[in-house]
Structures are given as structure tokens and as C-alpha cells.
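Provided below are the primary sequence and the corresponding predicted coordinates.
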Amino acid sequence: MACCLLASPARSDDSWSQFRGPRGDGIATNAAMPVEWSAEQRLKWKVKLPGVGWSQPIVWGDRVFITAAATDNQDKPSPEKGGPGLGGFNFGGGSAGGFLDLDPPEASYRWQVHCLDARSGEVHWTQTAREGRPTIHIHPNNTYASETPVTDGERVIALFGMTGLYCYDLEGRPLWRKELAAYPTQFGWGTASSPLLWEDRVFVVCDNDQESFLAALDKRTGMELWRVARDEKSNWSTPYLWKNQLRSELVIAGGGMMRSYDPASGEPLWEMKGQGRASSTPVGDDTLLYVDSADRLTGIRGRVHAIKAGAKGDISVARKENSNEFVAWSANLSASRLASPLLLENRLYVLEQSAIIHCFDAATGEELERQRLPGANGFVASPLAAGGRIYCLDQSGKTLVLRPGEKLQVLAANQLNEMCWSSPAVAGHRLLIRGVEHLYCIGD
């Protein structure tokens, strides 16, 4: 391990401390990102990391933390291998006959956490959390490091799916670890739900095809504080902490049921019937929460719902209705979706994998706009808002920069020519984009 002892940076508004940023909504409030770039233009640095991963980089002060899983002669993801909603299903050696329990590969992997300098890309330290054979099978385009780590400025907590949870201080010294059991997932696709920090605890959701659960652990020790079983099948949605005008809620976008929990105790607050499976993470404001799920098998169809603060009990919407006492509105969608919605200036943007973007009035559900983004397809990464613009990264490495308004305007299309499934992140006024081979830092 290479280690450089650094002064612990104080938190700033520029810190990007978890999946989709400090509030989990994909909005960089004080950042002014560049509009145009390429692999040669406005590239501050580019780093090739060992192994692969779709975890989003996170940032605290002048440090970038990112995870990866490496093995010898590694077969890396590529768009040609397809995926749910991206050219069909790829079962990685299984058949299409059911929800399968496939064996993990025989290869030995190294699960690693890297700390980089945000200004130069220099690697300050690398820690190997675990080394050995994986415990589960994954989709050929998934990775064993698809979960985004979290940090509170004192510790970095990395979740490697059903491999385990590992905590380090900012100098890379191990603090604690928690091994996790292995369960089969739908078609052996693996996991992707990232951990979430709230006050003194870290939340982990593990929705699988055998024994799904939600757990809260003490962030200082790794001790389990509570665990609730979930009547749920495989999902890939990251938990969302909804701070509304009445209370704080821990929301999990399930497939069978959307559910809210008291983050202090794990007590259920409300539930709403979903469409089968969920990959996107909810987002909300003081009054409304927006959740989405899709068909269990295909990932298409489904509905997006706007849930009112103060909901309780079963708030499921009747099949032929669009609202009820606790659901302000619902809207039907048709294509496959993996990207999380973006709530910006009272408008809700929903990005489909087919490059269709929907814009809804966040209060009423009226569809204000629907358009196909030119020259783009295969959206897995969640959109980012910064400096009054929206950044949409497709799987080919093309980022479309949009100006919101009465009609979305495409300002630029920036190509890196590298497969990208990881959501972009922010480091000050710079953009971090992770490809299958490199981590890019872009800025003026």
C-alpha cells in the first residue's frame, strides 16, 4: 500500500460525499461546469485505474475516493454485451428460463479503495479491502465495484455488494469491516445499490431473490443497530433520505413495494405497490417525493408517482386512477429506465435508456415536454445539474449539455469515446467522469 498522510480537509459546499452528491439529488449548487470538452480539450487530468467498477467517484475537499475490483486477464464491460434495455438480455452463461442462481467465476479478485488528489489525479493511497473469489455471479456489464462509497470527512465507507462493507480513515487506515452473506439475484445480474450516511449511521439495502433486508450500522464501529426483512426481490436502487416539511424518511424504491422507514428505528411509515423492480433512486423536496419502478422482467413500462409528505399506511394507487389521499399524481412511462430522476426548478426530468427525456410539472404531473436527445442512446448514468445546466452522460461517453427552460435546448455534445455507466460527479468547478478504463477530470 502506498500511503501519503494528509491533513483532513474541512467540509465545503463543493464536497460530493455520496451517490448523486451531498443531498442525493444530483444537483451541484455552487458549481459552474464547462459546457464543451473532448479527450483533448479542457481535460485537467486522466488516470487509468487497475480493475473496473461503475461506482461514482466521491469528493471531500481535495481528495477523490473511488472503488474498483481487479483480477488477472480481466474481461471488461462493453456495449456489445448488452444488458436490460440496452440491446436485450445477457445472462452471462445462464438461460432465459427463470430467475437463476449462477455460480461466481473461479478467478481471484482484489477489491480496492483508491484515494486521489482532486487537483492532479495523483494516487495518494490504495487499500485492498478483500482478495479472493467472488461470492456471487454478475451480469457481464456489471462489476464487483458498482456501489458508490460514502464519506463524512473523517471516514470512507465502501460497500462491495454482497462481498462486504469496509471502513477507512482518510489516510487509508482500516477502521472496521463487516462481511455480508451472498444471495442469488435476478438472472445473476449482481448488485448496485450504494450505501447512505445519515447522522451516526450508514444504511445498506440488499434486495435479492432470496432474503432481502435493510440494515443500519453504526458508522464508527460497524455494529449493526437494526435490521428489517424486506418482502422484495432483486432491485438496484440506492436508498434516499427524504427531508420533507414534516420529518426525515428513509425511502427505498422497491419493485414489489415502494417503502418508507423511520431512519432512527427502521419502523415502516408507508408503502405503495410498484411495478416489479427498481433501479433508479427517488428524489424529493419539502412537499413531494418522486419514485419510479418498472416491469420485473423487461424493465420497461411502469409509473412515476409523486407522494405527499405525511403519508402513512398503504398508499397504493388504484389501477385506473392517478392519485389518492397521499399521492398527488402518477404518470405512465413506456421505455426502460436505469437513470434516477432529476428535480430542478419545479420540474421533474425522467431520462429513458432510449434517449427520450420527459419533463413534468413537478407539482401537477403535467408533461411539459418529451424529446429524443440527438445522437445519444443507452443512458445508465443519472443526470447532473450544475450552473443552470443539465448534464446527461450516455454509455458511449457522450455528454449532452442541456439548457432547461420552456423547451430543453442542447448546448453541446461532448464525446470521450469510452463506455460510461457511472454517474458523473463534481469536484469544485470540475466534472469527474468515470469510464470503463479511465477517470477523467474536466474543467476550465
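Looks like it arrived, so ask away.

G255 versus the nearest residue to G256 once chain neighbours are set aside, what's the distance?
Excluding the flanking residues, the one nearest G256 by CB to CB, 6 or more residues apart in numbering is E232, at 5.5 Å. In short, each C-beta sits where N, CA and C put it, glycine included. The spacing between E232 and G255, counted by CB to CB, to the nearest Å, is 7 Å.

what touches both of the two?
D207 (CB atoms under 8 Å, 6 or more residues apart in numbering).

picking up where we left off before, secondary structure class for the residue nearest to G256?
coil (DSSP: H, G, I helix; E, B strand; the rest coil).

Which strand or helix spans the closest residue to K233 other than its chain neighbours?
Closest residue to K233 apart from its sequence neighbours, by CB to CB, 6+ apart: D209 at 5.4 Å. Using DSSP states H and E, D209 maps to neither a helix nor a strand.

pretty sure D209 contacts G188?
No: using CB atoms under 8 Å, D209 makes no contact with G188, being 9.6 Å away.

More neighbours: these two, which one.
The neighbour comparison of D209 against G188 (other CB atoms under 10 Å) goes to G188, with 23 against 17.

so how far is A386 from that one?
When G188 is compared with A386 (using CB to CB), they lie 36 Å apart.

try N346
With CB to CB as the criterion, N346 and A386 are 18 Å apart.

Looking at the two, which has the bigger crowd around it?
Comparing N346 with A386 by other CB under 10 Å, the one with more neighbours is A386, at 22 against 11.

Please name the bridge partners of that one.
For A386, the beta-bridge partners under DSSP bridges are A28, R389.

Could I get the pLDDT score of it?
In this model, A386 is scored at 95, pLDDT.

so what's it up against?
Contacts of A386 (CB under 8 Å, 6+ apart): I27, A28, A31, A32, M33, V426, L431.

Give the ChimeraX command for selecting the buried subset of those residues.
Selection of buried members from the contacts of A386 for ChimeraX, criterion 16 or more other CB atoms under 10 Å:
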select :27,28,31,33,426,431
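
how close does W37 get to K44?
10 Å.

ok, the two, which is more surrounded?
W37 (23 against 18).

Could you check the pLDDT of that one?
96.

Please apply the same query to Y290.
Predicted confidence (pLDDT) for Y290: 98.

next one: L43
96.

who's in contact with T185?
I136, H137, T191, N208, D209, S234.

Excluding residues flanking it in the chain, which one is nearest it?
Spatial nearest neighbour of T185, chain neighbours left out: S234 (4.5 Å); criterion: CB to CB, 6+ apart.

Quick check: the one you found touching Q210?
No: the pair formed by S234 and Q210 falls short of the contact definition of CB under 8 Å, at 9.4 Å.

distance of G276 from G302?
Distance check for G276 against G302: by CB to CB, it reads 8 Å.

what's the overlap in contacts for the two?
Common neighbours of G276 and G302 (CB under 8 Å, 6+ apart) are S293, A294, D295.

Please tell me how far the nearest residue to I300 once chain neighbours are set aside sits from S279.
Residue nearest to I300 in three dimensions, not counting chain neighbours: S336, with 4.9 Å by CB to CB, 6+ apart. S336 is 9 Å from S279, where distance means CB to CB.

mind showing which ranges of the stretch 1-150 of the chain have poor pLDDT?
Counting by pLDDT under 70, the stretch 1-150 of the chain shows low-confidence ranges at 1-14, 83-101.

just the strands in it please.
27-28, 43-48, 58-60, 63-70, 109-117, 123-132, 150-151 (DSSP state E, counting those that start in this stretch).

Point out the most buried one among these.
strand 58-60 (a mean of 26; mean count of other CB atoms under 10 Å).

Which strands or helices does that one pack on?
Counting contacts by 3 or more CB pairs under 8 Å, 6 or more residues apart in numbering; DSSP states H and E, strand 58-60 is packed against strand 63-70, strand 150-151, strand 425-427.

cutoff 6 Å now
With contacts taken as 3 or more CB pairs under 6 Å, 6 or more residues apart in numbering; DSSP states H and E, strand 58-60 sits against no other helix or strand.

Can you name the residues that contact L342?
G26, Y349, P383, A385 (CB atoms under 6 Å, 6 or more residues apart in numbering).

That one pairs with what?
Here L342, judged by DSSP bridges, has bridge partners Y349.

go on, W329?
A306.

List the contacts of it.
Per CB under 6 Å, 6+ apart, neighbours of W329: A306, N322, S323, G365.

Among these, give me the pair with the biggest separation.
A306 and N322 (10.0 Å; CB to CB).

These two: which is more packed in?
It is A306, of A306 and N322, that has more neighbours when counted by other CB under 10 Å, with 24 against 16.

Count the residues that sit near T29.
Count around T29 with other CB under 10 Å applied: 14.

Show the backbone phi and psi for it.
phi -70, psi -30 (degrees, to the nearest 10).

With M272 as the reference, measure out to V327.
7 Å.

does the residue of the chain most remote from its centre sit in a helix or strand, and which one?
Within the chain, the residue lying farthest from the chain centre (CA atoms, centre = their mean) is K320, at 31.4 Å. Using DSSP H and E, K320 maps to neither a helix nor a strand.

on that earlier part again, just among the contacts of L342, which is most surrounded?
Of all these, G26 has the most neighbours under the rule other CB under 10 Å, reaching 28 neighbours.
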